[in-house]
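Engineer: Can you look at this prediction? I've put the sequence above it.
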Amino acid sequence: MTSSFAAPTSPSIVVEPPEQRRTLAVLLLAQILSGAGLAAGITVAALLAEQMLGSSRWSGLPTVFFTVGSAAAAVGLGRLSQRFGRRAGLSTGYLIGALGTVGVVVAAGMGNIVLFFASMIVYGAGAATNLQARYAGADLAAPSRRGRAVSIVLVATAVGAILGPNLVSTTGMVATKIGFPALAGPFMLAGLAYSAGALVLWLLLRPDPLLLARSIAAEVSSRSATPAAPSEAGAVPGPRQRWSWALASGAGIMILTQLIMVAIMTITPIHIEHHGHGVGVTGIVIGAHVAGMFLPSPFSGWLVDRYGYLAIAVAAGVTLLAAGLIAAWAPVDSVATLVLALVLLGVGWNLGLVSGTTVVTDAVPLETRARTQGVVDLGIALAGAGGGLSSGLIFAATSYTTLTLTSGLLALLIIPIVALARPAPIKQA
């Protein structure tokens, strides 16, 4: 069990409150909507950059700006959620992401590359919010069910995120009819999706799961015969309360899997286009990839709760290695083989994210949980920026084979990262 490696650092919710079901239901609806918003940047951002710049050399730059924006938003949204609750943090994040999509559409219509890159930074807030929603699903979950709670939120993203790439052609036709480039169409859909997600969360995410979890923890602590530990009483936690090897390991797993996934995913649409396939094929491949990213989540959550995050993190590394090898050796005319590689890439990322999220949630106290999770997501986003930038440069200088093979081999580093884990130094009072 994960809890054997990272014991909860504040009074645990042993029996889940009835509000947990409502929380998960609201998050499911919001994530279905926001998934379509997330998919736009994944599917066509690199193609739009190549079209505007006239070269694939810097086609990874939209992902860089997108993930830089996601990084900045992760910290800000984490602090906002820490102070005002998940409802305020998540709703704000999706509204900022929607604002970014407006900028992208305008930039595409004007052919303004500077505005496009600036808008991708703002658009990145939606991706940060989409990821942080998984933490909201775990706030009220019992420790033995946190993996499954995280996975339920993630799988909801799949519905919109799979639908989005397969609407590239349709949204493109809508965009051209109103005078915008076809590749701006998915971002129009993204703006509507993010706005709808923000509205759902603001109106329906009541009571706030993080605030309620704190209230329950305080009540448990007040009933206990043992005096509350300093962090439980509201004091500022010391260094040992904020840091553990388990926390470092969980963060490292998610950072490395994000780097590998983004590096391969970003350049795959360019690789497909260079071999004569149309944007519809790109939508199919990326849609399959997104399915691999999110659909296995319930199974991943069960595996983490059953076997512990260490074993599942290692499985993530092995899966990412297989994805890189298959992509490297896929025949250029075999879309099916590329689909297999991208599905495995998504599955490996999913295993890493669910296992890493579970241990990070277990390893930090409620009093600093949202803020710490925001810092972890900052590292994840920066890793994505590095992956997006390096992918374009490596692809232009060498080949898609070199990029995917290198990325796959890099996944083996997950094993020593997992080996860092130790029982958490924080002990219950």
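Structural biologist: Cool, the structure landed. Residues are numbered from 1 along each chain as shown.

Engineer: which element follows the strand or helix carrying residue 342 toward the C-terminus?
Structural biologist: In this assignment (DSSP states H and E), residue 342 forms part of helix 335-363. Per DSSP H and E, the first helix or strand lying C-terminal to helix 335-363 is helix 369-397.

Engineer: Just the angle for that following helix relative to helix 335-363, thanks.
Structural biologist: Interaxial angle of helix 369-397 relative to helix 335-363 (axes from the mean of the first three to the mean of the last three Cα atoms, to 10 degrees): 150 degrees.

Engineer: what packs against the next helix or strand after helix 369-397?
Structural biologist: Next helix or strand after helix 369-397 toward the C-terminus (DSSP H and E): helix 400-410. When contacts are defined as 3 or more Cβ pairs under 8 Å, 6 or more residues apart in numbering; DSSP states H and E, helix 400-410 packs onto helix 245-274, helix 309-329, helix 369-397. C-beta here means a position set from N, CA and C on the backbone, and glycine is covered the same way.

Engineer: Looking at those helices, spot the one closest to residue 68.
Structural biologist: If you check each of these against residue 68 by Cβ to Cβ, helix 369-397 wins as the nearest, at 5.3 Å.

Engineer: Who are the packing partners of that closest one?
Structural biologist: helix 61-84, helix 113-138, helix 245-274, helix 335-363, helix 400-410.

Engineer: Can you add mean pLDDT and give the ones you listed back as JSON lines?
Structural biologist: Putting those into JSON lines (pLDDT from 0 to 100) gives the following:
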{"stretch": "helix 61-84", "mean pLDDT": "86"}
{"stretch": "helix 113-138", "mean pLDDT": "90"}
{"stretch": "helix 245-274", "mean pLDDT": "87"}
{"stretch": "helix 335-363", "mean pLDDT": "90"}
{"stretch": "helix 400-410", "mean pLDDT": "92"}
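
Engineer: Quick check: which of those is nearest to residue 33?
Structural biologist: So among the helices and strands packed on helix 369-397, helix 113-138 is nearest, using Cβ to Cβ, at 10.3 Å.

Engineer: Can you name the next helix or strand after the closest one?
Structural biologist: Reading on from helix 113-138 to the C-terminus, the next helix or strand found by DSSP H and E is helix 146-163.

Engineer: Which positions in the helix or strand following that next one come out as buried?
Structural biologist: For helix 146-163, the following helix or strand on the C-terminal side (DSSP H and E) is helix 168-177. Under the neighbour-count criterion of 16 or more other Cβ atoms under 10 Å, helix 168-177 has 168, 171, 172, 175 buried.

Engineer: And the residues you listed, which is closest to residue 285?
Structural biologist: Nearest to residue 285, judged by Cβ to Cβ, of these is residue 168 at 11.3 Å.

Engineer: Settle this for me: that closest one is touching residue 47, isn't it.
Structural biologist: No: contact criterion Cβ atoms under 8 Å: residue 168 and residue 47 do not qualify, at 9.4 Å.

Engineer: Please list all residues in contact with the closest residue to residue 325 other than its chain neighbours.
Structural biologist: Spatial nearest neighbour of residue 325, excluding adjacent residues (Cβ to Cβ, 6 or more residues apart in numbering): residue 408 at 5.3 Å. Counting by Cβ atoms under 8 Å, 6 or more residues apart in numbering, residue 408 touches 260, 320, 321, 322, 323, 324, 325, 327, 328.

Engineer: Which of the buried residues of helix 168-177 scores worst on pLDDT?
Structural biologist: Taking the buried residues of helix 168-177 together, the minimum pLDDT is found at residue 168 (76).

Engineer: Now do the contacts for the residue nearest to that residue when sequence neighbours are not counted.
Structural biologist: Excluding its sequence neighbours, the residue lying closest to residue 168 (Cβ to Cβ, 6+ apart) is residue 283, at 4.4 Å. By Cβ under 8 Å, 6+ apart, residue 283 lies in contact with 43, 165, 166, 167, 168, 169.

Engineer: Which strand or helix spans residue 283?
Structural biologist: Assessed by DSSP H and E, residue 283 sits inside helix 279-294.

Engineer: any residues touching the helix or strand just after that helix, and which ones?
Structural biologist: Using DSSP H and E, the next helix or strand after helix 279-294 towards the C-terminus is helix 297-307. The contact list for helix 297-307 (Cβ under 8 Å, 6+ apart) reads 1-2, 144-152, 154-155, 158, 311-312, 315, 350-351, 354-355, 358.
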